[in-house]
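Asks: Sequence unavailable; structure follows:
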């Protein structure tokens, strides 16, 4: 757990790759990609089971630990239409049913556009990108938004750290710039893309169950 | 032999070689076998005229459908092969037809073949597998009499060879009398090559003409004193190379990397602008059109010189080529001979390859390679054992085609040498993998690929079948990026990983031009000519092949011979001064010694170790040593390796003598220690790229694919992580580890080296400064850290220091002491 100040608000960055906003008792989660493994299987690509259970367990852990009243998915909650496998959906439905008091918002992302909204009875409020939660503007694809600090996902950011001896590690990260902040992808079966933050950006890497601020002007040499 | 063939030979003034007659007779008697010799010595006719004579004897008048399959490893060669087969048919008057079937074959030709197949089909392993994925494969291939596998040595050592084995097993089940002949360059393990090809059935190894003379020599510059001690471009030899090129009508200049080829091409043209249009460049990234033009120019004798990479190692004869130059290390005996064989095809000529060292120790390598070649110590190619990724692919291929009954296919697969030891659990796993999507205990209702209908395994989904056909094969390449000018003119393609490494505005050398990257969009790198004087970003190519065991051993032997004054090679005289310094400052190791040097510098404490076992083994050994050292005391190391040895650099000094006595390099726990030391998981993850692709976990995609295809694309690295975490017992992970051990680390070679070291004396020397052997390692380490410009400066300065020290040493009369 690591605190940081973004747009004047205190955010707590969690090693499960989610952000906790105590002031509004909200948890932000980007790129959940529910049903991704199932859509691979549907396409004849044999993937082991376990990723969905892992996603839900981590989600439960952050909600329980923080006592959040509001869960915000910053896009790409569902992976694809093919991924809406009955067993996978049923798993999430059961989890949702057990915590009906939690309010859930989904900012639609590019995957959600194709996969469709989650079933209505799950009680997830679906909004389009740009929805305000002042001082934040909730989006999926990172781009500055007029009148708010954009909280986004989509690019699954990571940074590469070099160790002496020539080995390098690629670690998912939280990346907060001047007007846009990007969360790491939450889903267990999601990749990452190495990003190049600018000077002045705040970067926090997730490593070994900890969130650590990446300091230094040139972490990429 | 049939009269018509005799007449054709006589009309051309040819005489059949004994080995050709031997093959023709054997073929007529129903035998199979393997023919080996250098290129351009009549192997093609040896293999082809047996089937031709048989057809003539049978009185075949019409173009019979598909009697002979001719498998070639490179589709670029298929056209030339087809032409030479057609010439033979025209000469003998047999009314057979010849067709091509490769990834390049146009749809119209495919459609024609669908109506009627040619009598002889020239194809690749991949296209053959694709034919097996057609429902009517059995009917269409049932009349086959023989399969010829060209350049079998190129396939033997990789999964493509196994792919051929699997296809042959199927063809033999359909026609047990099928004859198989392989054509191969000379190898260290010909018997094994034959056994693989014939799945253990009896056959004969036929040796082609063997007395074709091959000359291996080295360009030795006049001013050998100032020859660089490290580096890889070797441009210091440019004047000598120009002179050599000038003296021959047509030459091939081989390099070890693409960037080296680009650099040399530019340098030659700058030195001899009058050769513009007469000198050309040939490597795998150039547009196929350009490559064809170059090959044609060579054949017609229009080109003075072609600078090439391994892209010209194989294939058709370029008769006008008189001489071959090899820039940099020859690496292996077989490769050097293969390259030599590209020259001297005109009657009465010898094949000649001239080594052009790029740094001093490569003089020793060249002499060592020649010694090994003269002694007939040729490298082996180790075949691949039980690749389960390929098995999974093959199961789907057959299911997409006519389908299979599990027990029958299992017997067929196990009839190959590659899968002879496939056990029940591995077979079960592969079947579960393609039918259920994983272990049978878990149920994945959404999974579908191979389905079982009344005991018959098939793929019913047309989209899945189409996607599988597009993924058949085992060749994994980086996504390729087109390189184009802004006006759209295409220059060729490069790997995505190379472009990913550049930023807009960077200059790089490609296709003989210095280009500036403007931007990358839609898998295209847009470029323009770079401003004059732009510093280009050199490409340090990974995946360099290591020195072979044969050459490495020959180097150790040669150094010992030199010490004892028995090495009379001119190359050894050229490096006498450097070796004298090495001996004076430290030692030249004897054949069965291991030399270890320690010295201090501002950078820290250096350990240099010279097993002379090739780069891959040194990567493993250096990691092993560092790991074992750090267990005695916490320490971190920088490392560097080359084909001769490796360096460990640390802050702290280690007292090596007691540690060596206590088993620092002992073979005990070798595998576990190596795996622990190398971050094996990270290496396996990289290896998983190929496995994921072959097993069908990753689909490379195709132009115009629907968006939805993107939703089932994941990187092999991500897949590796998912499997490692949620299906750790998956045999594909174990396969990745095995492949890393054998391919990246050459573990069996490493184990043999450690065994050798354990039974031989280790000589430990404390030196005042890094020795000539150490110098290339220090440069290699710096190269990782610095930009090229700074590196060049530093290397120059280091060499100056060395030269100064060497002069002082020479004044001491070192030379006299060692070489009275």
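Replies: Alright, I've got the coordinates. These figures come from a predicted structure and were not determined experimentally.
Asks: Can you report how many residues lie near the residue in the stretch 51-200 of chain B that chain A sits nearest to?
Replies: Nearest residue of the stretch 51-200 of chain B to chain A: residue B:133, at 14.6 Å (C-beta to the nearest C-beta). For every residue, glycine as well, the C-beta is placed using N, CA and C. Residue B:133: 20 surrounding residues under other C-beta atoms under 10 Å in any protein chain shown.
Asks: Then residue B:560?
Replies: Here the number of neighbours of residue B:560 (other C-beta under 10 Å) works out to 17.
Asks: In contact with it, which residues?
Replies: Residues in contact with residue B:560 (C-beta atoms under 8 Å, 6 or more residues apart in numbering or on different chains) are B:590, B:591.
Asks: quick check, it in a helix?
Replies: Yes: checked against DSSP: H, G, I helix; E, B strand; the rest coil, residue B:560 lies within a helix.
Asks: any idea how far residue B:720 is from it?
Replies: 45 Å (C-beta to C-beta, to the nearest Å).
Asks: Figure out the length between the terminal residues of stretch B:204-217.
Replies: 34 Å (C-alpha to C-alpha, to the nearest Å).
Asks: Not counting that stretch itself, show me its contacts.
Replies: By C-beta under 8 Å, 6+ apart, the list of residues contacting stretch B:204-217 reads B:17, B:19, B:22-23, B:26, B:31, B:33-38, B:41-43, B:46, B:190-191, B:194, B:336-337, B:340-341, B:344, B:350-355, B:366, B:369-370, B:373.
Asks: Check which residues of stretch A:107-118 are buried.
Replies: A:107, A:108, A:109, A:111, A:112, A:114, A:115, A:118 (16 or more other C-beta atoms under 10 Å in any protein chain shown).
Asks: Now for those residues: which two are most distant?
Replies: With C-beta to C-beta as the measure, no two of the buried residues of stretch A:107-118 lie farther apart than A:107 and A:114, at 15.4 Å.
Asks: Around residue B:436, how many other residues sit close by?
Replies: Residue B:436 sits with 20 neighbouring residues when counted by other C-beta under 10 Å.
Asks: Report the contact partners of the residue most central in space within chain B.
Replies: Centroid-nearest residue in chain B: residue B:545, 7.1 Å away (criterion: C-alpha atoms, centre = their mean). Contacts for residue B:545 (C-beta under 8 Å, 6+ apart) come out as B:256, B:331, B:332.
Asks: Which one of those residues is nearest to chain A?
Replies: Nearest member of the contacts of residue B:545 to chain A, counting by C-beta to the nearest C-beta, is residue B:256, at 22.0 Å.
Asks: for the closest one, helix, strand, or coil?
Replies: Residue B:256 - assigned by three-state DSSP - is coil.
Asks: can you check residue B:599 too?
Replies: Under three-state DSSP, residue B:599 comes out as strand.
Asks: Tell me, please, where in chain A the pLDDT is lower than the cut-off.
Replies: For chain A, applying pLDDT under 70 flags the ranges A:162-168, A:216-221.
Asks: Which single helix of it contains the most residues?
Replies: The residue-count maximum for a helix in chain A (DSSP state H) belongs to helix A:51-66.
Asks: just to revisit the earlier point, take the contacts of stretch B:204-217 and keep only those in helices.
Replies: Per DSSP H, the subset of those in helices is B:19, B:22-23, B:26, B:43, B:46, B:190-191, B:194, B:336-337, B:340, B:366, B:369-370, B:373.
Asks: Most neighbours among the residues you listed, please name it.
Replies: Ranked by neighbour count (other C-beta under 10 Å), the ones in helices among the contacts of stretch B:204-217 have residue B:369 at the top, with 32 neighbours.
Asks: Relative to residue A:150, how far out is the residue nearest the centre of chain A?
Replies: In chain A, the residue lying closest to the centroid (C-alpha atoms, centre = their mean) is residue A:30, at 2.1 Å. Note on residue A:30: its distance to residue A:150, by C-beta to C-beta, is 12 Å.
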